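> Dropping a prediction and its sequence here:
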Amino acid sequence: MLRVVCLILAWVLGSAPAFAEPLVSSVISNVEVGIVCPPEPIGSTPAPGTIAGATHIIVEEPQFVSVGSVVPAAIGVGFGVKSQAVDPAGLGAITMVLTHPPMGDAQITLQQFQTSISGQDPSLTFYQFDYPYELVEGTWMFTAMQGEQALFSVSFEVVDPLGMPSLAEMCGYSNLFS
């Protein structure tokens, strides 16, 4: 499975510029990308394929504060994908694969976690910058996999927050640039 994911990601990364249209399979009806200001989590769920080892659980899904794929590297900013399945029953057993520039002491470039995609409403999957070691600039890519099939793949460009201060400050962090 991991070998297949790596081959697909190598193909997608090697053949598409950072701002290319998302790759979307026929089982997905809609994909939208943007930036969120996530609410406080109410807990976490184990995610052993991530650096933190867990993902946040939130009650209320945040709306995009900006639609697009350019993201300021600032603590508290989140970015991700709203997707919806064609099948009203939705899709389960989805592995979300996140690739990014080297991060943390181990210089990790790939993280993954389990999720699902609703067929009734858009499902939000996002990454939030919680720690300074996560603030790595460059191309980040979300790829939703079901078994060996890529359901969608979208990329983001994480940039210096000084280049987009109003968007970087949108999530309420006034000391971003000190």
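That came in fine, so what should we check first?
> Just the residues contacting stretch 101-121, thanks.
With CB atoms under 8 Å, 6 or more residues apart in numbering as the test, stretch 101-121 has contacts from 5-6, 9, 28-29, 47, 49-51, 55, 83-100, 123, 125, 133-134, 136-140, 144, 151. No exception for glycine: its C-beta is placed from N, CA and C like everyone else's.
> Next one: residue 82, what pLDDT does it get?
In this model, residue 82 is scored at 96, pLDDT.
> if I look at the residue lying closest to it once chain neighbours are set aside, how far off is residue 63?
Excluding the flanking residues, the one nearest residue 82 by CB to CB, 6 or more residues apart in numbering is residue 122, at 4.0 Å. The gap separating residue 122 from residue 63 is 11 Å, by CB to CB, to the nearest Å.
> neighbour-wise, which of these two wins?
residue 122 (16 against 10; other CB atoms under 10 Å).
> before we move on, back to that, just the ones in strands from the contacts of stretch 101-121, please.
Cross-referencing these against strands under DSSP state E gives 28-29, 55, 83-85, 91-100, 123, 125, 138-140, 144, 151.
> ok, of those residues, which come out buried?
28, 55, 83-85, 91, 94-100, 123, 125, 139-140, 144, 151 (16 or more other CB atoms under 10 Å).
> Can you pull the poorly scored residue ranges out of this protein?
1-22, 173-178 (pLDDT under 70).
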